[in-house]
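Novice: for reference, the sequence and a predicted model appear below.
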Amino acid sequence: MIDVAVNLLWCVPGHVGGSEEYLVRQMLGLAEITSEFVPTLYTVAGFAAAHRDLAEAFRVVVAPIDGTNRARRVLAEHDWLAKRTRSAELVHHGGGTVPVRGSRPTVLTIHDLQYLTYPQYFSSVKRAYLDWAMPRSARRADVIAVPTAFVRDTVVQAYGVQPDRVVIVPHGLESTVGATATDEVDVRARFNLGSGRVVVLPAVTHPHKGHLFLLRLLAERWTDPNLRLVLTGGQGAADPDVSEAIDRLGLTARVVRTGRVSAADRDGLIKLASAMAFPSEYEGFGAPIIEAMALGTPVICSDQTCLPEVAGDAAIVVPLHIDAWAGALDAAVSRRDELVAAGLERAAHFTAAASARALVTAYGLALS
């Protein structure tokens, strides 16, 4: 058996969005399949409590940090983590960067290179750090794991790494997704959704996620007074702008902001929706697309970055223009049976086990 040290010190539960789900689901997939790789998870305090199934499956080593301070986390990776992973046969850094210290064969997960396309969405301090750390990390890693061909191509182009060093490890869903979804009657009553159509956008209010686009669409084109737009997820940098737009556009009665919700409520909201709308400007994968498909909900998404690659022919994929989206909801309703069937078929290819098998390929390549 081969000991793999998995660096999850960057993963503060509930604060890093899709990258947390991506790595957690890969590790859960490793627990499902048979392989020679046995991971030890190096985490911050609170990770094991948030992911008890992983803590039961694999050994967890907790660092003396909570992960909220980036400088302390980077120092912990360079010192505490480096010392404790010396005996590992392989080290997997899941957060996009490789510490300066450490000489074992290394797999690096790069989720996306959004900071190069939309630098305005990052603080000057974080941009400076990424400008320094990302190219160096890409060069140091023996193998780079990425979620899509789009990210692979951007990594190769941006950093000049050899394409054969970059392995696509797609997102994967647990087989239990939706099993505990809250009942539609309960969800509608609890969140005051009425009996009309519901559209859900499950995303932190980051500037690139498209909340402002969707609000404008609701005010100008999707004007049914009984339609409810449900925004789930935590607060990001664009949160004040989202709140201001809801008030300015007169959408207070038609927009429901739930904040973070349980997995059961999230799945229940998506299941009852007429569509899951995902007007994102930039994604490395866009896991909500596959999650909605697995839950039997039609997807409307933008044609940006990797989203057409992920959605395939199982979603309504349209340019980020208001006029292009005007009839998309009616189309999703009229084509519901077709889109649901296609979505379920597509989601079946994105399992946690399939993600883990791709990760095993990356591990094997790093040791070859």
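Specialist: Everything's here; your move.
Novice: going by C-alpha atoms from here, please, whenever you check contacts or count neighbours.
Specialist: Will do.
Novice: what lines up beside the host helix or strand of Val200 in the sheet?
Specialist: Applying DSSP states H and E as the criterion places Val200 in strand 198-202. In the sheet, strand 198-202 lines up against strand 228-232 (parallel), strand 275-278 (parallel) (DSSP bridges).
Novice: please identify the most buried of those.
Specialist: Of all these, strand 275-278 has the most neighbours on average by mean count of other CA atoms under 10 Å, namely a mean of 27.
Novice: how is the chain divided into domains?
Specialist: Here the domain parsing of the chain from automatic domain parsing is 2-174+351-367, 184-347.
Novice: let's see the distance spanning stretch 92-99 from one end to the other.
Specialist: Stretch 92-99 has its terminal residues 11 Å apart, counting by CA to CA, to the nearest Å.
Novice: and that stretch, what's its mean pLDDT?
Specialist: For stretch 92-99, the mean pLDDT works out to 93.
Novice: which residues sit against that stretch?
Specialist: Contact with stretch 92-99 is made by 4-8, 10-11, 19, 23, 74, 77-78, 106-111, 133-134, 137-138, 140-141, as judged by CA atoms under 8 Å, 6 or more residues apart in numbering.
Novice: tell me where the stretch 251-368 of the chain has strands.
Specialist: If DSSP state E, counting those that start in this stretch is used as the criterion, the strands of the stretch 251-368 of the chain fall at 255-259, 275-278, 299-302, 316-318.
Novice: which ones among the contacts of stretch 92-99 are found in helices?
Specialist: Within the contacts of stretch 92-99, residues falling in helices by DSSP state H are Ser19, Leu23, Val74, Ala133, Met134, Ser137, Ala138, Arg140.
Novice: for Arg266, find the nearest of the strands of the stretch 251-368 of the chain.
Specialist: Counting by CA to CA, Arg266 lies closest to strand 255-259 out of these; the figure is 9.6 Å.
Novice: list the contacts of the residue lying closest to Val12 once chain neighbours are set aside.
Specialist: Among residues not flanking Val12 along the chain, Gly67 sits closest, at 5.9 Å (CA to CA, 6 or more residues apart in numbering). Residues near Gly67 by CA under 8 Å, 6+ apart: Leu9, Trp10, Cys11, Val12, Val44, Arg73.
Novice: again, only using 10 Å
Specialist: 8-13, 15, 43-46, 73-74, 76 (CA atoms under 10 Å, 6 or more residues apart in numbering).
Novice: and for Leu359?
Specialist: So Leu359 contacts 26-27, 29-30, 107, 109, 145-146, 167-170, 353, 365 (CA under 10 Å, 6+ apart).
Novice: again, but for Arg188
Specialist: Contacts of Arg188 by CA under 10 Å, 6+ apart are Thr182, Gly194, Ser195, Gly196, Val198, Gly268, Leu269, Leu272.
Novice: is the closest residue to the second one other than its chain neighbours in a helix, a strand, or coil?
Specialist: Translated: Gly194. Spatial nearest neighbour of Gly194, excluding adjacent residues (CA to CA, 6+ apart): Arg188 at 6.3 Å. Following DSSP: H, G, I helix; E, B strand; the rest coil, Arg188 is assigned to helix.
Novice: just to revisit the earlier point, tell me the secondary structure at the residue nearest to Val12.
Specialist: Assignment for Gly67 (three-state DSSP): coil.
Novice: now do the phi/psi pair for it.
Specialist: In terms of degrees, to the nearest 10, the main-chain angles of Gly67 are phi 90, psi -10.
Novice: on that earlier part again, the strand holding Val200 to strand 255-259, inter-axis angle?
Specialist: 40 degrees (axes from the mean of the first three to the mean of the last three CA atoms, to 10 degrees).
Novice: alpha carbons of the helix or strand that comes right after strand 198-202, as CSV, please.
Specialist: Moving toward the C-terminus from strand 198-202, the next helix or strand (DSSP H and E) is helix 211-220. The C-alpha trace of helix 211-220 is given here as CSV (Å, rounded to 0.1, in the frame of the first residue of the first chain):
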residue,chain,number,x,y,z
HIS,A,211,-26.4,37.2,-9.2
LEU,A,212,-26.7,40.7,-10.6
PHE,A,213,-27.4,39.4,-14.1
LEU,A,214,-30.2,37.1,-12.8
LEU,A,215,-31.8,40.0,-10.8
ARG,A,216,-31.8,42.2,-13.9
LEU,A,217,-33.3,39.3,-15.8
LEU,A,218,-36.0,38.9,-13.2
ALA,A,219,-36.9,42.6,-13.4
GLU,A,220,-36.8,42.9,-17.2
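Novice: give me the contacts around helix 211-220.
Specialist: Under the criterion CA under 10 Å, 6+ apart, residues 201, 203-205, 221-225, 227-229, 231, 238-239, 241-246, 249-251, 254-255, 277-280, 320-323, 325-326 lie in contact with helix 211-220.
Novice: related to what we said a few turns ago, and the domains of the chain, which one averages the lowest pLDDT?
Specialist: Mean pLDDT is lowest for domain 2-174+351-367 out of these, coming in at a mean of 93.
Novice: start and end of that one, how far apart?
Specialist: 10 Å.
Novice: next one: stretch 176-189
Specialist: First-to-last residue span, stretch 176-189, CA to CA: 25 Å.
Novice: that one: which residues count as buried?
Specialist: Gly178, Ala181, Thr182, Glu184, Val187, Arg188 (16 or more other CA atoms under 10 Å).
Novice: now, among the residues you listed, which is nearest to Ala348?
Specialist: For the buried residues of stretch 176-189, the nearest to Ala348 is Gly178 (13.6 Å; CA to CA).
Novice: that concludes my questions; thank you for your assistance.
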